[in-house]
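Engineer: Test case, fold it:
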Amino acid sequence: AVENWLWDLSGFRAKQFLSKEEFSELAGASKPYNCQFEIVVKGKESPLRLKLFHLDNKWIAQSVEPDWYYVLNTKDVIKTFKTVFDLKYRRIIKFEDTDVARVEIKKKNNALVFRKKKKFWYRNAGGKEKKFPNINVLNFLWELSGLKYTRLLEKLPEGTSLSEKVGVRLFDAEHKPLGHLFFTAKKDGSAYIFTTEGKKEIYMIDKAGARKFEEAYNKLIKPKKE
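Structural biologist: Modelled structure (predicted):
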């Protein structure tokens, strides 16, 4: 989460430079900033500071040089705020549910695929594709994107086996991957353990969060018969 935030912040690019006079015309006398980032960099005596102002539907940055102002790309700023959200709320995986067009769930030798066509979701199991309740997929994505970890673990707890793990993959309409993680439950049912592809972190979520996620997951794999 920290590295993602730093990466997004380093991606800021100036669309336009403003003079102090131009900035003053937009900001008025008070010039209140909306947020400030401060980073201590190895080898530098003073920390880097960046103030962000939201004025006239534009995001404007002021660096350590007080008379330098930059108009930023709004998408870059919003992306950075999302990774700040990850730092504060300990999200495990981040995505926008409206961007998801395909969900793959794999457990041992079984696989389920949910595909979005126009405004509806379809489930493919055993080579057959059938229309599926939209609300079940949306609830699962909502719980998945809202997962927060309570602890980072050095190793898997006793009684937990990754041989029983379930894999979840998300893709957008262009088949671009949006996230890939694995989860498994402790035998006593006290928590779910999550690991993400390509990362060594092991995340634990609390019993209440595990229960809500499990309910949404079960509605995907065991929908009520009509």
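
Engineer: And the helix or strand of the chain with the lowest mean pLDDT, what does it pack against?
Structural biologist: Lowest on mean pLDDT, DSSP states H and E among the helices and strands of the chain sits strand 192-196, with a mean of 73. When contacts are defined as 3 or more CB pairs under 8 Å, 6 or more residues apart in numbering; DSSP states H and E, strand 192-196 packs onto strand 177-185, strand 202-205, helix 207-221. The C-beta positions use only the backbone N, C-alpha and C, and glycine is treated the same way.

Engineer: Asn110 and Val166, how far apart?
Structural biologist: With the distance defined as CB to CB, to the nearest Å, Asn110 ends up 10 Å from Val166.

Engineer: between those two, which one's more packed in?
Structural biologist: A direct count of neighbours by other CB atoms under 10 Å for Asn110 and Val166 places Val166 higher, at 17 against 11.

Engineer: Tell me what the more buried one is bridged to.
Structural biologist: Assessed by DSSP bridges, Val166 has beta-bridge partners Lys107, Phe183.

Engineer: wouldn't it be in contact with His180 here?
Structural biologist: No. If you go by CB atoms under 8 Å, Val166 and His180 don't touch, sitting 12.0 Å apart.

Engineer: low-scoring stretches of this protein, by residue?
Structural biologist: The chain contains residues with pLDDT under 70 at 29-30, 85-86, 89, 159-164, 186-191, 197-200, 223-226.

Engineer: can you do 80?
Structural biologist: 1, 27-31, 64-67, 82-94, 108-109, 125-127, 151-164, 184-202, 206-207, 223-226 (pLDDT under 80).
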